[in-house]
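Asker: my questions concern the predicted model and sequence given below.
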Amino acid sequence: MPVPVVIDCDPGVDDAVALLLALASPELAVRGVTAVAGNASLDDVVRNAGHVLDLAGAPDALPLTAGMAGPLTRRRRERDEAIHGEGGLGGLVPAVPPRAAHPGHAVDRLAEAALAEPGGLTLVALGPLTNVAAMLARFPEAGRALKEIVLMGGAAFTQGNITAAAEYNFHCDPEAARFVVESGLPVRVVGLDVTRSALFPLDRTDRLASMGGAAGAAGELLRGYAMRYEERSGLTAVPVHDALAVAAVSHPDLLEWSRGWASVECAGELTRGALVADVRTPGRERAVAIATGVDAEGFTSLLFERLSGYADLTSSTW
């Protein structure tokens, strides 16, 4: 049976690709999408998510709900457009306006989804954890009803990508990240330790971009993303961070996991947002599973195959 999931995201190119992967995965049943400010402003990420759902041909009944516009306790940080481009989708402007968001707030929607399928729903969190932490604080019974939380964030045993210590999502709202990681709920962390080891090659983005339909649009998104990443890193391949977190739910055997205790640094002048993990000490609480290994070729092949499947899906949106 497909795994029921709700996806909390901040599109962003890699979030957009992750949504496309999720909607193309028969292993998953997407119950809803919620948006949180992160890679772009709340208005931008809601708009971008709507465009992606339209591109994928998702049914109008699939709820898209706006959430938190900034961190729990801090000022919103400046966005880095060098990777995701203007507006969050590489500066691409689809030809028609996107679907509208559903009424209500993402925090309420996440709780409703969890309580509707007690013990069955996986929450896939791809952006800053503001929506998720707010839901767990306001509706603790909904948190307990979740099967698990699978999140993209953190850098447990490698350097960060926004500072030397911190990964972007955790750095955006470290208090929210700490609250979720320390919640005691089943949490799986897909961080830079593995996403940097599963790079999607630039030549595969070119192959996708040459295809018809929605696959070509996905390829254009990824190709621009990969080219901007090449300018920054010199690599001709790009980590599609959030798509790997989706694959962790649809194909969990692609990843190796280490269980342990974890928290997030909130006070350090140089280490704010750092994921601190102990997977060594016997007897410590082991509620958190951290991805420490990945079948890189298996993941990139899966992503290419599933995105290629959109070639026959025509779209007037892009």
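Answerer: Sure thing, it's come through.

Asker: can I assume residue 245 sits in a helix?
Answerer: Yes. Under DSSP: H, G, I helix; E, B strand; the rest coil, residue 245 falls within a helix.

Asker: ok, now which ones touch residue 306?
Answerer: Residue 306 makes contact with 20-21, 24-25 under the criterion Cβ atoms under 8 Å, 6 or more residues apart in numbering. C-beta here means a position set from N, CA and C on the backbone, and glycine is covered the same way.

Asker: quick one: buried residues of the strand or helix carrying it?
Answerer: Using DSSP states H and E, residue 306 maps to helix 296-308. For helix 296-308, the neighbour count (16 or more other Cβ atoms under 10 Å) marks 296, 299-300, 302-304, 306-308 as buried.

Asker: next one: stretch 243-260
Answerer: Going by neighbour count (16+ other Cβ under 10 Å), the buried part of stretch 243-260 is 243-251, 254-255, 257-258, 260.

Asker: most neighbours among the contacts of residue 306, which one?
Answerer: Neighbour counts for these peak at residue 20, which has 28 neighbours (criterion: other Cβ atoms under 10 Å).

Asker: ok, now which ones touch that one?
Answerer: Neighbour list for residue 20: 52, 55-56, 214, 218, 306-307, 310 [criterion: Cβ under 8 Å, 6+ apart].

Asker: in strands, which of those residues fall?
Answerer: When DSSP state E is applied, those are split such that none fall in strands.

Asker: tell me which of those residues fall in helices.
Answerer: Those of the contacts of residue 20 mapping onto helices are 52, 55, 214, 218, 306-307, per DSSP state H.

Asker: between those residues, which is nearest residue 133?
Answerer: residue 52 (24.2 Å; Cβ to Cβ).

Asker: in three-state terms, label residue 257 for me.
Answerer: Secondary structure assignment for residue 257 (three-state DSSP): strand.

Asker: give me the spatial nearest neighbour of it, chain neighbours excluded.
Answerer: residue 289 (4.4 Å; Cβ to Cβ, 6 or more residues apart in numbering).

Asker: can I assume that neighbour is in contact with residue 258?
Answerer: Yes. In terms of Cβ atoms under 8 Å, residue 289 counts as a neighbour of residue 258; the distance is 7.1 Å.

Asker: now the strands for the stretch 151-300 of the chain?
Answerer: Counting by DSSP state E, counting those that start in this stretch, the stretch 151-300 of the chain has these strands, from start to end: 187-190, 199-201, 237-239, 255-264, 275-278, 288-294.

Asker: likewise for the stretch 1-150 of the chain?
Answerer: So, for the stretch 1-150 of the chain - with DSSP E, counting those that start in this stretch - the strands run 3-9, 28-35, 64-66, 122-125, 148-152.

Asker: got any ranges where the chain has weak pLDDT?
Answerer: 76-82, 85, 282-285, 315-318 (pLDDT under 70).

Asker: what ranges do the helices span in the stretch 101-250 of the chain?
Answerer: Listed in chain order, the helices of the stretch 101-250 of the chain (DSSP state H, counting those that start in this stretch) span 106-116, 130-138, 140-145, 168-172, 174-181, 192-195, 202-209, 213-233, 241-250.

Asker: now distance to residue 5 too, for these, in CSV please.
Answerer: Shown next, in CSV, are these (distance: least, Cβ to Cβ, whole Å):
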stretch, distance to residue 5
helix 106-116, 9
helix 130-138, 13
helix 140-145, 14
helix 168-172, 18
helix 174-181, 16
helix 192-195, 19
helix 202-209, 24
helix 213-233, 20
helix 241-250, 6
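
Asker: of these, which is nearest residue 94?
Answerer: helix 213-233 (8.5 Å).

Asker: the closest one packs against which elements?
Answerer: Where contact means 3 or more Cβ pairs under 8 Å, 6 or more residues apart in numbering; DSSP states H and E, helix 213-233 is packed against helix 13-23, helix 42-55, helix 81-84, helix 202-209, strand 237-239, helix 296-308.

Asker: repeat that for 7 Å
Answerer: Contact here means 3 or more Cβ pairs under 7 Å, 6 or more residues apart in numbering; DSSP states H and E; on that basis helix 213-233 packs against helix 13-23, helix 81-84, helix 202-209, strand 237-239, helix 296-308.
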